[in-house]
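A.B. asks: Could you look at this predicted model? Sequence included:
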Amino acid sequence: MKYKVYVLPQAWKEIKRLPGNIRQRVKRAIDELGNDPRPPGSIKLDTSGLPEVEAELRRLRIERWRIVYAVTETELYVDILAVRKRPPYDYGDLERLLEELR
């Protein structure tokens, strides 16, 4: 199955600010999420305590960078919510990212 991949505007701004070599790797990884939204190395994020959503929140690691995204099976969508550097990113803004998804 082919998924439609959408990059939210804030995530697109974050991608544009990435160092060149990482930006290219992130773009390739995002393109590949359309074919396989759960590639090896991606991890489902814990959403307990967050508002109920039909999407599955996941993250994909590229070196010290994390691509935070949501997979919606009913509509075959992958929404890219954020691209952040860890550390210092600690996933503390997942609720706000979910608000942007709605």
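C.D. replies: Yep, it's here.
A.B. asks: going forward, measure contacts between C-alpha atoms and count neighbours the same way
C.D. replies: Noted.
A.B. asks: Residue ranges in the chain under the pLDDT threshold?
C.D. replies: Across the chain, the ranges flagged by pLDDT under 70 are 102.
A.B. asks: ok, now how distant is the closest residue to Arg86 other than its chain neighbours from Lys44?
C.D. replies: Take Arg86 and drop its neighbours on the chain: the residue closest to it by C-alpha to C-alpha, 6 or more residues apart in numbering is Arg64, 5.5 Å away. Look at Arg64 and Lys44: by C-alpha to C-alpha, to the nearest Å, they are 18 Å apart.
A.B. asks: What lies in contact with the longest helix anywhere in the chain?
C.D. replies: Longest helix in the chain, counting residues (DSSP state H): helix 20-33. Helix 20-33 is contacted from outside by 3, 5, 15-16, 39, 62, 67, 78, 80, using C-alpha atoms under 8 Å, 6 or more residues apart in numbering.
A.B. asks: same check, this time on stretch 62-80
C.D. replies: For stretch 62-80, contacts defined as C-alpha under 8 Å, 6+ apart pick out 2-8, 11, 22, 25-26, 30, 33-34, 37, 54-61, 81-87, 101.
A.B. asks: Would you write a PyMOL line that selects the buried entries of those?
C.D. replies: PyMOL command restricting the contacts of stretch 62-80 to the buried ones, with burial defined by 16 or more other C-alpha atoms under 10 Å:
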select buried, resi 3+4+5+6+7+8+11+26+30+33+34+37+55+57+58+59+60+61+81+82+83+84+85
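A.B. asks: Now, the contacts of stretch 62-80 that are in strands?
C.D. replies: The strands, defined by DSSP state E, take in 4-7, 56-61, 81-85 from those.
A.B. asks: And what about Ala70, helix, strand or coil?
C.D. replies: Following DSSP: H, G, I helix; E, B strand; the rest coil, we place Ala70 in the strand state.
A.B. asks: dump the residue contacts of the residue lying closest to it once chain neighbours are set aside.
C.D. replies: Spatial nearest neighbour of Ala70, excluding adjacent residues (C-alpha to C-alpha, 6+ apart): Leu57 at 4.4 Å. Counting by C-alpha under 8 Å, 6+ apart, Leu57 touches 44-47, 68-71.
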